[in-house]
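**Q** Take a look and give me a structure for this.
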Amino acid sequence: MDGSWVRMSDQELTTVLAQLERERNIAFGKQLAIIAEMTSRGTTDHRGLGCDPGVWVRQVLRMDCHPARDLVRHAQALHPSHTPSGADIPAAMPVTAAAVQTGALSPAHVRAIHTIMTKIPLDARDEDRANAETLLTEAAEVIEPGQVTHLGRHILARLDHDGPEPKDIDTQPRRYLRIRHRGRYTAVHGELDAEAATLLDTVLQPLAKRRSVEANGGLPDTRDPDERHADALVEALQLATTSPDMPTEARRTSHPHRHRTPGRVRAAQPPGHADHRHERRTATTESLRRRRHPRRTRRPLRDLGHRR
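**A** Sure, this is the predicted structure:
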């Protein structure tokens, strides 16, 4: 067949394209079955060490993080598994799994069905849950994924009459910081409101400037903006630990091997020594505020062409 597309009729090309799509869907179903089996066994990375199933899928299939994790979630929902103790866990979506094995559903259809099924209320009856999966799967065999999502919203509206809980917009601004320690490094993710974000920018921007060649030991500063902001955050934290307003447990110098407290360090400085670091930081912060919010100055009347 390869190389002979030009000699085929429109009907023949349509048939071949549909056949290739079905074969791809069947291969997708086999991938999910393999991922489910490896997940139940325990996945390992290229070094032979245990790792998250999503990481293993990324390494094997050379995928991005989110699509790889989606594959793992689909595989766990469509196929049965067992716990480390040997107890069997039935598949949450057996009807969809059967349709995938025949090649009737594409990855986009599976994603749409799985998304709707995860939103069904926990207190819904098992019969309603099974009927919803059957209805979505049968519809997915003849309609597009977007239409499956639209149908699923109608099903969710019938199963959950109260709807989602209303969001209280009058609550205090949301701030959160998620810290995950991962071996040698730590992942930090969070959100700040406008006031806290302005304060963060005011503190970090003066410290995140690109260093001059002289200040960088005769070498150009090749750090990208993300690296400069990370270094600025660490420097700000080091400066904060020397503040007398910090709690006692966090009040320690940036060098763990030095046992002198910040008060002793200042007391050990020679008489007449002035620490201008705080003055420079204050001046830099104040100048940054003025650049962002310049004060409106009045011009003399003669400059405005005032006429008496």
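**Q** Just the strands from the protein, written as ranges.
**A** Using DSSP state E, the strands of the chain run over residues 81-82, 88-89, 176-182, 185-191.
**Q** what about D245, neighbour count?
**A** 6 (other C-beta atoms under 10 Å). In short, each C-beta sits where N, CA and C put it, glycine included.
**Q** Over to Q76?
**A** Neighbour count for Q76, taken as other C-beta under 10 Å: 20.
**Q** Please determine how far it is located from I35.
**A** Distance of Q76 to I35, computed by C-beta to C-beta, to the nearest Å: 8 Å.
**Q** so where is the stretch 151-300 of the chain shaky, pLDDT-wise?
**A** Within the stretch 151-300 of the chain, the set of residues satisfying pLDDT under 70 comprises 161-173, 248-300.
**Q** what about the helices in it?
**A** Counting by DSSP state H, counting those that start in this stretch, residue ranges of the helices within the stretch 151-300 of the chain are 194-207, 225-241, 262-267, 277-292.
**Q** Domain map for this protein?
**A** 5-159, 176-255+284-289 (automatic domain parsing).
**Q** Need the winner for burial among these.
**A** Mean neighbour count (mean count of other C-beta atoms under 10 Å) peaks for domain 5-159 among the domains of the chain, with a mean of 15.
**Q** Can you name the residues that contact S40?
**A** By C-beta atoms under 8 Å, 6 or more residues apart in numbering, S40 lies in contact with S81, H82.
**Q** Reformat the strands of the chain as JSON lines; add distance to S243.
**A** Compiled in JSON lines, the strands of the chain are given as follows (distance: least, C-beta to C-beta, whole Å):
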{"stretch": "strand 81-82", "distance to S243": "52"}
{"stretch": "strand 88-89", "distance to S243": "53"}
{"stretch": "strand 176-182", "distance to S243": "20"}
{"stretch": "strand 185-191", "distance to S243": "21"}
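**Q** and A108, what is it in contact with?
**A** Residues near A108 by C-beta under 8 Å, 6+ apart: P145.
**Q** right, and R178 touches T186 too?
**A** No. Using C-beta atoms under 8 Å, R178 makes no contact with T186, being 10.6 Å away.
**Q** Overlap in contacts, those two.
**A** With C-beta under 8 Å, 6+ apart, R178 and T186 have no common neighbours.
**Q** Need phi/psi at P80.
**A** Torsion angles at P80 (phi, psi; degrees, to the nearest 10) stand at phi -70, psi 160.
**Q** Starting from A91, give me the distance back to it.
**A** 5 Å.
**Q** do P67 as well
**A** Counting by C-beta to C-beta, the gap from P67 to A91 is 21 Å.
**Q** Roughly how far does Q19 sit from Q101?
**A** For Q19 relative to Q101 (C-beta to C-beta), the value is 16 Å.
**Q** next one: L136
**A** Counting by C-beta to C-beta, the gap from L136 to Q101 is 17 Å.
**Q** Ok, G218 next?
**A** From G218 to Q101 the distance is 65 Å (C-beta to C-beta).
**Q** And for E133?
**A** Distance of E133 to Q101, given as C-beta to C-beta: 15 Å.
**Q** Likewise for A112?
**A** Separation of A112 from Q101 (C-beta to C-beta): 18 Å.
**Q** what do you get for A130?
**A** Here the criterion is C-beta to C-beta. By it, A130 lies 18 Å from Q101.
**Q** and if you look at P80?
**A** Distance, P80 to Q101, by C-beta to C-beta: 14 Å.
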